[in-house]
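S.K.: Sequence first, predicted coordinates after that:
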Amino acid sequence: MERLDEETLRAAAEELAARDGRLAAVVAAHGSPPLWAREPGFPTLLHIILEQQVSLASARAAFDRLRAAADPLTPARFLDFDDAELKAIGFSRQKTRYGRELSRAVLTGALDLDGLREQDDDSARTALTSVTGIGRWSSDIYLLMALGRPDVWPAGDLALEVAARDVLALPQKPGRDELAVIAETWRPYRAVAARILWHAYLSRRNARGA
């Protein structure tokens, strides 16, 4: 399947900028967005589970503690941790369950992570969401960042909704369905449009922090 890299990302961002002046303004102000690539595999999926409904900084801190406690981080090693150990690392009871469900799915072959590379977006998403704890947002983030798919749109991402409100000069933050309709105009590079919006969101937040 087609996978974005630095070169194709820049080319796609330029094409979107030529088509949509609002995205062009972001690229002009902040440059082409980062690729934000992640290594495909079990650790990245666990990291994405940790990111569900918490800040990225909090999830990163927990993931770093996990990596320090388990090197290498494998499904079998994750299953060795007991509830108390995972709680100390930063896993809630629910995310402990999700991590174990993922570990078992990978170990039994119910989820073939290597095989996802050869599947189309819909098939790969179906395989991922068959595992308890991996919903639409988590599967789309994996497809977008770990597999580099160019046209995945992570509906329901709060940062995207906030960025869209500002970049598109909307009267209020759009809901997931409204924004998904807007994103249709950015095919076949919706994942690139998402990166441009995230780039705007983070650039403005960093500027406020400075």
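M.R.: Received it, and whenever you're ready, just let me know what you need.

S.K.: tell me the mean pLDDT for stretch 110-119?
M.R.: Mean pLDDT, stretch 110-119: 97.

S.K.: residues of that stretch that come out buried?
M.R.: 111, 113, 116, 119 (16 or more other Cβ atoms under 10 Å). Any C-beta I mention is one placed from the backbone N, CA and C, and that applies to glycine too.

S.K.: Excluding residues flanking it in the chain, which one is nearest R65?
M.R.: Excluding the flanking residues, the one nearest R65 by Cβ to Cβ, 6 or more residues apart in numbering is I89, at 4.7 Å.

S.K.: which residues sit against the helix or strand of the chain with the lowest mean pLDDT?
M.R.: Ranking every helix and strand in the chain by mean pLDDT, DSSP states H and E puts helix 190-209 at the bottom, with a mean of 91. Residues outside helix 190-209 that contact it (Cβ atoms under 8 Å, 6 or more residues apart in numbering): 4, 9, 12-13, 16, 23, 26-27, 29-31, 33-36, 144, 149-154, 157, 159-160, 162-164, 166-167, 183, 186.

S.K.: Kindly report the same for stretch 5-25.
M.R.: By Cβ under 8 Å, 6+ apart, stretch 5-25 touches 4, 27-28, 32-33, 35, 148, 150, 167-169, 185-186, 189, 192-193, 195-196.

S.K.: Just the CA trace of it, in CSV.
M.R.: Taking C-alpha atoms only, stretch 5-25 is exported to CSV below (Å, rounded to 0.1, in the frame of the first residue of the first chain):
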residue,chain,number,x,y,z
ASP,A,5,7.4,9.8,3.4
GLU,A,6,9.0,13.2,3.8
GLU,A,7,9.0,13.8,0.0
THR,A,8,5.5,12.7,-0.8
LEU,A,9,4.2,14.5,2.3
ARG,A,10,5.7,17.8,1.1
ALA,A,11,4.3,17.3,-2.4
ALA,A,12,0.8,16.5,-1.1
ALA,A,13,0.9,19.5,1.3
GLU,A,14,1.7,21.7,-1.7
GLU,A,15,-1.1,20.2,-3.7
LEU,A,16,-3.6,20.8,-0.9
ALA,A,17,-2.3,24.4,-0.4
ALA,A,18,-2.9,25.0,-4.1
ARG,A,19,-6.5,23.8,-3.7
ASP,A,20,-7.4,25.4,-0.4
GLY,A,21,-6.2,28.8,0.5
ARG,A,22,-7.0,28.2,4.2
LEU,A,23,-4.5,25.3,4.4
ALA,A,24,-2.1,27.4,2.2
ALA,A,25,-2.1,30.0,4.9
